[in-house]
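> here is a sequence with its predicted model. Questions after.
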Amino acid sequence: MQIAIYGASGYQGKLVLAELAHRTIGMRLVGRNATRLREAATTVGMVDAEQRVADSGDHDALVAAFRECDAVINCAGPFTSSGPAVVRAAIAAGCHYVDTAGEQLYTKAVFDTFAGEAERAGITVVPATNDGCVPGDLIAHLLAERVQPVEEITVSHFIDGSAGFSRGSLRSALDTVDTLKAGGLGYDDGDWRTGIPARHTSVTLPGADQPTAVVKCPLSEVVTIPRHVPVRHVESLVDAAVGAQLGTPLTPQIIDSLPEGPTEEGRRTQRFTYLIDAVGRDGRSARGIVQGRDTYGITAVIAAEAARRLVADGAEPGVLAPAQAYDPTSFLAFLAPHGISWTITVPDTSTAQH
């Protein structure tokens, strides 16, 4: 198995390299700068790994860099501006594709733009294989089995700790600042559109006495969940404090002056809780809870496993949501040894803990 990592020298890219090296999966480092690629290979102890220089603006160079690989993991944000070129080149090279994107409109654009092209080429594309979208999407599928037909699914993200964001994440936020300010897409009655008012202004965390204020935020789960769950309304929320942080004005110069990303200690002490709440049309409800630590580290684990499964196990060709490409229970079980716990609770019925 040979996997190409585009954006291999970036903060998230190096974490993916380390994860693949740990699994002894063959890798090819691809990026715009030869010196930085060599430094990244040295950092993860893979100095002999293949390295190819290619810019997202050079289609032929990208195709050549990916050719003879089985899959591509794209870690190079902002994805809104450069991601489509990488998807197109991966399909042309005959490679399955995943990325670590967290940009909602980009995720939707991948579905809208490449579904037919990937299907005709026999290639599987799964965008947004990150810490939030994959477990959230998989659990939404399991919840829907319990409360169908589904009226509403609400996804809420809460992150504690001082780890902060990487420069790449901040550049993505800057590239999509208008979407962030608008709260992103909502899914309502079969349509994705902006300007849909949030149905919730607070969410009560497990074990909490008081609800936490939340705001709308453009998470990719709003795009992926309706691909496999018949549902009338989907919205995504974050802790209001995190929303304010994401909305803080930044310039490229400020971002360039910041550290590349969180320290190892910051990542180690970070904790996250993701809630997926489903309500059936008959009023029944179910809640999925995902908890873990180190969003960047678990994104590397998820992206590497997502690519590996496409190569080893296969999936239907086309652009797929996580729950369409992978068995939900199997993938969630894989995450348990990596510190991810998940629970599904159906009031007055049962609680499944993992």
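Great, that's in hand.

> please name the nearest non-neighbouring residue to residue 78.
Counting by C-beta to C-beta, 6 or more residues apart in numbering, residue 78 lies nearest to residue 175, which is 3.7 Å off, once chain neighbours are set aside. The C-beta positions use only the backbone N, C-alpha and C, and glycine is treated the same way.

> please enumerate the helices of the stretch 51-200 of the chain.
Taking DSSP state H, counting those that start in this stretch as the test, the helices found in the stretch 51-200 of the chain are 59-66, 79-93, 104-121, 133-147, 167-175, 177-182.

> tell me which residues of the first one come out buried.
By neighbour count, with 16 or more other C-beta atoms under 10 Å as the criterion, the buried positions of helix 59-66 are 61, 62, 63, 65, 66.

> same check on the shortest one?
By neighbour count with 16+ other C-beta under 10 Å, helix 177-182 contains the buried residues 179, 180.

> state the mean pLDDT of it.
The pLDDT scores in helix 177-182 average 74.

> contact partners of that helix?
Under the criterion C-beta atoms under 8 Å, 6 or more residues apart in numbering, residues 103, 104, 105, 173, 194, 195, 217, 218, 246, 247 lie in contact with helix 177-182.

> and it, C-alpha only, in CSV?
Coordinates of each C-alpha in helix 177-182 appear next as CSV, following Å, rounded to 0.1, in the frame of the first residue of the first chain:
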residue,chain,number,x,y,z
VAL,A,177,-14.7,34.3,7.4
ASP,A,178,-18.0,35.3,5.7
THR,A,179,-19.3,31.8,6.0
LEU,A,180,-18.3,31.7,9.7
LYS,A,181,-20.0,35.0,10.4
ALA,A,182,-23.2,33.8,8.7
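
> quick one: distance of it to the chain centre.
18 Å (C-alpha atoms, centre = their mean, to the nearest Å).

> about what we covered before: of the contacts of helix 177-182, closest to residue 130?
The nearest member of the contacts of helix 177-182 to residue 130, counting by C-beta to C-beta, is residue 103 at 10.4 Å.

> touching, that closest one and residue 82? I think so.
No. The criterion here is C-beta atoms under 8 Å, and residue 103 misses it with residue 82 at 10.9 Å.

> okay, the two: which has more neighbours?
Set residue 103 next to residue 82 and count neighbours by other C-beta atoms under 10 Å: residue 103 wins out with 26 against 19.

> could you tell me which residues make contact with residue 143?
With contacts defined as C-beta under 8 Å, 6+ apart, residue 143 is in contact with 150, 153, 276, 278, 286, 287, 288, 344.

> over to residue 281?
149, 150, 151, 232.

> now the second one. Nearest residue, chain neighbours left out?
Nearest non-adjacent residue to residue 150, counting by C-beta to C-beta, 6+ apart: residue 231, 4.3 Å away.

> need phi/psi at that neighbour.
phi -150, psi 150 (degrees, to the nearest 10).

> quick one, grab the pLDDT at it.
The predicted local confidence for residue 231 comes out at a pLDDT of 97.

> before we move on, what about residue 353?
According to the model's per-residue confidence, residue 353 sits at a pLDDT of 50.

> ok, now residue 350?
In this model, residue 350 is scored at 51, pLDDT.

> ok, residue 255 next?
Predicted confidence (pLDDT) for residue 255: 80.

> SS state for it?
Reducing the assignment at residue 255 to three states with DSSP: H, G, I helix; E, B strand; the rest coil gives helix.

> now for it: which residues touch it?
The contact partners of residue 255, taken as C-beta under 8 Å, 6+ apart, are 167, 170, 171, 174.

> same thing with residue 96?
Counted by C-beta under 8 Å, 6+ apart, residue 96 has contacts 70, 71, 72, 90, 123, 124, 125, 307, 310, 311.

> I'd guessed the second one sits against residue 93; true?
The one in question is residue 71. No. Contact between residue 71 and residue 93 fails when scored by C-beta under 8 Å: they sit 10.3 Å apart.

> higher neighbour count, the two?
Looking at residue 71 and residue 93 with other C-beta under 10 Å, you find the greater number of neighbours at residue 71, namely 27 against 20.

> circling back: and the contacts of residue 143, which two are the farthest apart?
For the contacts of residue 143, with distances taken as C-beta to C-beta, the pair at the greatest spread is 150 and 344 (14.1 Å).

> between those two, which is the more surrounded one?
Higher neighbour count among residue 150 and residue 344: residue 150, with 25 against 20, using other C-beta under 10 Å.

> wait, the more buried one touches residue 144, no?
Yes. At 5.2 Å, residue 150 and residue 144 qualify as touching, with contact defined as C-beta under 8 Å.
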